[in-house]
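Trainee: below are the sequence and a predicted model; questions follow.
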Amino acid sequence: MKKSLFLLMTLWCLSIWADDQVPGGFIEAEHEGKKILFPLLKSHYQVDIQGDLAQITLEQEFQNPTSTPLNASYLFPLNKDAAVHAMRMRVADELVEAKIRRLEEAKEAFNQAKQQGKSASLLEQHRPNMFTQQLANLMPDLPIHITLQYVQHIERLDGHYELVLPLVVGPRYQPEQIKQKITKQVGQWQLEALPDYPSVAGLNLPKEIEQERVSIEITLDGGMPVAAVSSPTHGIEIKSVDKQHRSITLSNGRVIDNRDFELHYRLAGEQVQAGLLTHEDERGHFFSVLLEPPAIPQSEAITPREMVFVLDTSGSMSGDPLKASKAFMQQVLHHLRPSDHFRIIDFSNSPREFHATPLPATAENLRRGQAHVQGFQAGGGTEINRAIEQALSVPVIQNHLRIVVFLTDGYIGNEQSVLQRIQSLRGSARIYALGVGTGVNRYLLDEMAQAGQGFVRYIDPTEEIEGAAQRFAERLRTPILTDVSIDWGNTQVEQVTPARLPDLFSGDSLRILGKIKQVGNKSIKILGHINGQQATLPLKLQLNQKTAEQSQAIPLIWAKSRIVDYMREMTRPNDRRFSELTDELLQEKVTQLGLDFSLMTRWTAFIAVSQKIYNEQPSASKEASVPLPMVKGISQNAYPTQQFHGSSAPEAEEGLMLLILVLAGLFWWQRRQQEKTVATQNIGMS
């Protein structure tokens, strides 16, 4: 009864709103007999993989089939490691190379072009994995083509390489206290600011607007024979050119951008090694070392663990994600050791814990824990900071290692405050993250694991879960090389990045970049601890002869990694390694790297402006956003505010949501009646 009333009130409010205007600032029009919303988009990814480096070209075509000029915006993701270094805009017969500028300068140039009636594009970064493309004066039947170029390294995880092309930005929850600090412009809280979230097909837009608007082509050069290629997310066609080359396309040609694309590949005859790549230009002599340490032996000494499982049960986890989390917990609890203790915390608006104290992993306690998890229901906001406090603020069991496992989609906007909270409370605990979803916030989850000296993995809630849970549980048992450092010997290096080396897990790899003074075959040592014992792993660096095209990516990836280092210093001030740098100096370091290497950052942007004037009446242009599809596998509960407006806001409980919808409906109904009254009076006066 309650849900039926909720649905009826929602439909009533939406009908009133729809009669008044189209939500989210879209333009309504007739096209081929259907009433749809604009602008339209097509995207094409051309990916060139060489070993573990990818050079990617993303082509975006924006169309305006209405009779009204539009100023359009498009919210889209890129890989968090993407080093975006070039952009071009094509309008009619004009091809404009975009310039990298300081953000304020780029915005000023864009607004000036908009007022002058020129076509313009502005690319802005809000998070390492979240961007907006803004277009000025998108004219009817005159498409604007945008081409982005970026490079990234491809991670080696569990023995295979994993390329991820994010295709959709999921909704983001922003806690009220964070929004207030952003509004008041308090210090670094401005880094938490989010762009408006556009309308979503299937909610306040017709479902028919979902289009298969993304195509992907990949060329793979393994540098050695390719053993296997697959995609766990999409149907693909694979053509073998020869033993080390593959050509990959989507089976259906184009797909709806409602989930991330993943490509997995393994190379035959891989051996433990450290490969050295170099590149020299006017900016210096850069190097890149890919470390793949030998398999670390298991230890007979087993440290008792306090396993803390923290499950996101907010509204965005409704449906498949929560089902997958429950299935995961059923499996992973089976893999606890008799010497372990465990805790189970679920959270939405506030955290709730299974038991007041950690429980020993007896058969009876595990059975009770599994039954408890089955009762979880999704709803409410994503107050993850409160869950972090619940998990980390209590004392650790004596002589136990605390391991905290977060299961979440990461759909929040306050990443900075979350990472700071982990930093201040973590102590010696290790943080592991399990991303549950088809389009999750990988930036947040990767950074949580990095800050907690753990690792991150992702599971698709629409696919098989038991195997993924078993593999994750086995990874928790895998020995790791901790406190990693490198003895470079007589190899002269500087400005090495990442500034803090993560722990190394068997089957994974680590890329280290920097500047080098002498090139040639080198010997280095990886230093660290295995199960508390000092370990030294000697490695030979052999200079790999690569083409100029391959080596040109090295300075860009180095600069991107340095930017990540500086941003981590800014977002985690209690853990600064560059202690002499203030927030202002860190911001300037990031900005200057962006300008010197033509890279997107939080404070640099690409701007392209046409020479010609395409809109003789720019003041008549309307504002519009490219609509997004719903992320595959999640329910409408992830988008509660989309029922009445298109901005990012907290998820609400059903009762509060119902009240807001009623008030919104009454407000717009009253406004409509007032406008009708004024219109009637005007007719009478005439």
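Mentor: Received it, and whenever you're ready, just let me know what you need.
Trainee: give the buried residues for stretch 104-123.
Mentor: Neighbour-count burial for stretch 104-123, counted by 16 or more other C-beta atoms under 10 Å, picks out 106-107, 109-110, 113-114, 117-123. C-betas here are computed from N, CA, C, even on glycine.
Trainee: which pLDDT value belongs to residue 101?
Mentor: At residue 101, the pLDDT value in this model is 98.
Trainee: is it correct that it is in contact with residue 603?
Mentor: No - counting by C-beta atoms under 8 Å, residue 603 is not a contact partner of residue 101; they are 10.1 Å apart.
Trainee: so these two - more neighbours on which side?
Mentor: residue 101 (19 against 16; other C-beta atoms under 10 Å).
Trainee: before we move on, back to that, farthest pair in the buried residues of stretch 104-123?
Mentor: Between all members of the buried residues of stretch 104-123, the longest pairwise span (C-beta to C-beta) is found for 117 and 123 and amounts to 20.9 Å.
Trainee: tell me, how many residues neighbour residue 567?
Mentor: 20.
Trainee: what's the end-to-end length of stretch 395-412?
Mentor: 28 Å (C-alpha to C-alpha, to the nearest Å).
Trainee: for that stretch, buried residues please.
Mentor: For stretch 395-412, by 16+ other C-beta under 10 Å, it's 397, 400, 402-412.
Trainee: now do it: distance to the chain's middle.
Mentor: 21 Å (C-alpha atoms, centre = their mean, to the nearest Å).
Trainee: what's the average pLDDT for it?
Mentor: Across stretch 395-412, pLDDT averages out at 94.
Trainee: tell me where the model's unsure across the stretch 101-250 of the chain.
Mentor: 184-189, 204, 208-209 (pLDDT under 70).
Trainee: ranges for the strands of it?
Mentor: Along the stretch 101-250 of the chain, the stretches classed as strands by DSSP state E, counting those that start in this stretch are 118-127, 130-138, 144-153, 155-157, 160-165, 214-221, 226-230, 236-242, 245-250.
Trainee: who does the helix or strand where residue 526 lies pair up with?
Mentor: Per DSSP states H and E, residue 526 falls inside strand 522-530. Here strand 522-530 is paired, per DSSP bridges, with strand 480-487 (antiparallel), strand 533-543 (antiparallel).
Trainee: just the C-alpha atoms of the shortest one, please, in PDB.
Mentor: It refers to strand 480-487. Written as PDB, here are the backbone C-alpha positions of strand 480-487 (Å, rounded to 0.1, in the frame of the first residue of the first chain):
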ATOM      1  CA  ILE A 480      52.600  -9.600   0.500                       C
ATOM      2  CA  LEU A 481      55.800  -7.600   0.400                       C
ATOM      3  CA  THR A 482      55.400  -4.700   2.700                       C
ATOM      4  CA  ASP A 483      57.400  -1.500   3.400                       C
ATOM      5  CA  VAL A 484      58.600  -1.600  -0.100                       C
ATOM      6  CA  SER A 485      61.600   0.500  -1.200                       C
ATOM      7  CA  ILE A 486      64.200   0.400  -4.000                       C
ATOM      8  CA  ASP A 487      68.000   0.400  -3.700                       C
END
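Trainee: per-residue pLDDT of residue 63, please?
Mentor: 95.
Trainee: tally of neighbours for it?
Mentor: 18.
Trainee: now for residue 601: which residues touch it?
Mentor: 125, 563, 590-591, 593-594 (C-beta atoms under 8 Å, 6 or more residues apart in numbering).
Trainee: burial measure for the residue lying closest to it once chain neighbours are set aside, as a count.
Mentor: In space, and not counting its chain neighbours, residue 601 is closest to residue 594: 3.9 Å by C-beta to C-beta, 6 or more residues apart in numbering. Residue 594 has 26 neighbours, counted by other C-beta under 10 Å.
Trainee: point me to the helix or strand that includes residue 594.
Mentor: Going by DSSP H and E, residue 594 is part of helix 583-596.
Trainee: and the angle from that helix to strand 118-127?
Mentor: 130 degrees (axes from the mean of the first three to the mean of the last three C-alpha atoms, to 10 degrees).
Trainee: quote the end-to-end distance of stretch 134-143.
Mentor: Note: stretch 134-143 ends 14 Å apart using C-alpha to C-alpha.
Trainee: about what we covered before: Serialize the contacts of residue 601 to CSV and add fields for distance to residue 528.
Mentor: Below are these laid out as CSV (distance: C-beta to C-beta, whole Å):
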residue, distance to residue 528
125, 34
563, 26
590, 30
591, 35
593, 29
594, 33
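Trainee: out of the residues you listed, which is most surrounded?
Mentor: Of these, with other C-beta under 10 Å as the count, residue 594 tops at 26 neighbours.
Trainee: dump the residue contacts of that one.
Mentor: Contacts of residue 594 by C-beta under 8 Å, 6+ apart are 100, 563, 600-601, 603-604.
Trainee: tell me, how many residues neighbour residue 56?
Mentor: 22.
Trainee: I misspoke; the intended subject was residue 199.
Mentor: Applying other C-beta under 10 Å, I find that residue 199 has 22 neighbouring residues.
Trainee: any idea how far residue 447 is from it?
Mentor: 29 Å (C-beta to C-beta, to the nearest Å).
Trainee: about what we covered before: could I get the strands of the stretch 101-250 of the chain as JSON lines with distance to residue 504?
Mentor: Output for the strands of the stretch 101-250 of the chain, formatted as JSON lines (distance: least, C-beta to C-beta, whole Å):
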{"stretch": "strand 118-127", "distance to residue 504": "27"}
{"stretch": "strand 130-138", "distance to residue 504": "29"}
{"stretch": "strand 144-153", "distance to residue 504": "16"}
{"stretch": "strand 155-157", "distance to residue 504": "11"}
{"stretch": "strand 160-165", "distance to residue 504": "17"}
{"stretch": "strand 214-221", "distance to residue 504": "26"}
{"stretch": "strand 226-230", "distance to residue 504": "23"}
{"stretch": "strand 236-242", "distance to residue 504": "31"}
{"stretch": "strand 245-250", "distance to residue 504": "29"}
